[in-house]
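*Asks:* Structure for the following, please:
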Amino acid sequence: MALSQRRTAAGLEPLEYANLAIRGRLLRPILREQVPAALDLKPDLVSLVGGGNDILRPSVDVDRLARDLEAGVVRLRRAGIDVLLGTGVDSADSPLVRATRARVGVFNAHVWSIARRHGAAVVDLWGMRSLNDWRMWADDRIHLTGEGHARVAQAALVALGLTPDVPDWDQPAEPPAAVRRLAQVRDDARWAKVHLYPWATRRLRGTSSGATRTAKRPQAGPVEVEPTD
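*Replies:* Sure, this is the predicted structure:
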């Protein structure tokens, strides 16, 4: 939206945008299915962010994951396409997800190196202080809320060398009210029942939450710009 608004303000046509992402996908299917589809669209810029679902699995080979990601970046860059990568989020404050923190840290180091080698930009999610606030996260504690996505959109502008629309985009919100220990235990139990158990069950069955999903916006189209006063 922000990029499209800037184009129209400069008298240019609105930005054309496609969203090929599918929730729950591992990196290799992203590279095998979505990258070729993106190439067919002949875009100027591709956001290639993946690997997070792989890293949730303790047996993941992070170095192999990075090699796969780099191959995808090379393919896009050889086509003359700019690439925007993203680091993983720092999960230090998450009681369960922080078990992946070391793997995410290694993967992030690879991401920055890949970007340097191939001239890609990087959204530094690991360094975003605002994402330490759990109000930025959905009930599943894996995906962002609308406000969380808005903050990341500002980070993407910064990664692309542009001025953010919101100067304090990474300032943490006011601290939330303290949560009683019993209430936290109940919330954790509900999360485990509603989100963790189904995820573990799918893992055992070898299925994904995105198995039956399709891309939300497989074809590029103009981004509608909200009128400004």
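*Asks:* Report the secondary structure element holding the closest residue to V166 other than its chain neighbours.
*Replies:* Spatially, and ignoring its direct neighbours in sequence, V166 is nearest to Q154 (5.5 Å; Cβ to Cβ, 6 or more residues apart in numbering). Where you see a C-beta, it was placed from the backbone N, CA and C, and this is true even at glycine. If you go by DSSP states H and E, Q154 is part of helix 146-159.
*Asks:* So which elements touch that helix?
*Replies:* If you count contacts as 3 or more Cβ pairs under 8 Å, 6 or more residues apart in numbering; DSSP states H and E, helix 146-159 packs onto helix 2-9, strand 121-123.
*Asks:* any idea how far H149 is from N108?
*Replies:* Noted for N108: a distance of 20 Å to H149, by Cβ to Cβ, to the nearest Å.
*Asks:* The two: which has the busier surroundings?
*Replies:* Set N108 next to H149 and count neighbours by other Cβ atoms under 10 Å: N108 wins out with 24 against 11.
*Asks:* what separates L162 from A38, distance-wise?
*Replies:* 21 Å.
*Asks:* Mind checking which of those two has more residues around it?
*Replies:* A38 (23 against 13).
*Asks:* part of a strand, is the more buried one?
*Replies:* No. A38 is assigned helix when assessed by DSSP: H, G, I helix; E, B strand; the rest coil, not a strand.
*Asks:* Setting the sequence-adjacent residues aside, check what's closest to it.
*Replies:* V46 (5.1 Å).
*Asks:* ok, the host helix or strand of that neighbour: who's next to it in the sheet?
*Replies:* Per DSSP H and E: V46 is located in strand 45-47. Using DSSP bridges, strand 45-47 pairs in its sheet with strand 82-86 (parallel).
*Asks:* Sort out which residues of the partner strand are buried, please.
*Replies:* Within strand 82-86, the residues that count as buried by 16 or more other Cβ atoms under 10 Å are V83, L84, L85, G86.
*Asks:* Just name the closest of those residues to P58, please.
*Replies:* G86 (22.2 Å; Cβ to Cβ).
*Asks:* my read: that closest one touches V123, true?
*Replies:* Yes. Using Cβ atoms under 8 Å, G86 makes contact with V123 at a distance of 4.2 Å.
*Asks:* Give me the common contacts of those two.
*Replies:* Common contacts of G86 and V123 (Cβ atoms under 8 Å, 6 or more residues apart in numbering): V49.
*Asks:* which residue sits closest to the spatially most central residue of the chain in space, ignoring its chain neighbours?
*Replies:* Nearest residue to the geometric centre of the chain (Cα atoms, centre = their mean): V49, 5.6 Å. Excluding the flanking residues, the one nearest V49 by Cβ to Cβ, 6+ apart is G86, at 4.0 Å.
*Asks:* Run through the protein and note the low-pLDDT ranges.
*Replies:* Applying pLDDT under 70 to the chain picks out residues 96, 175-181, 183-185, 188, 191, 195-197, 199-200, 202-211, 225-229.
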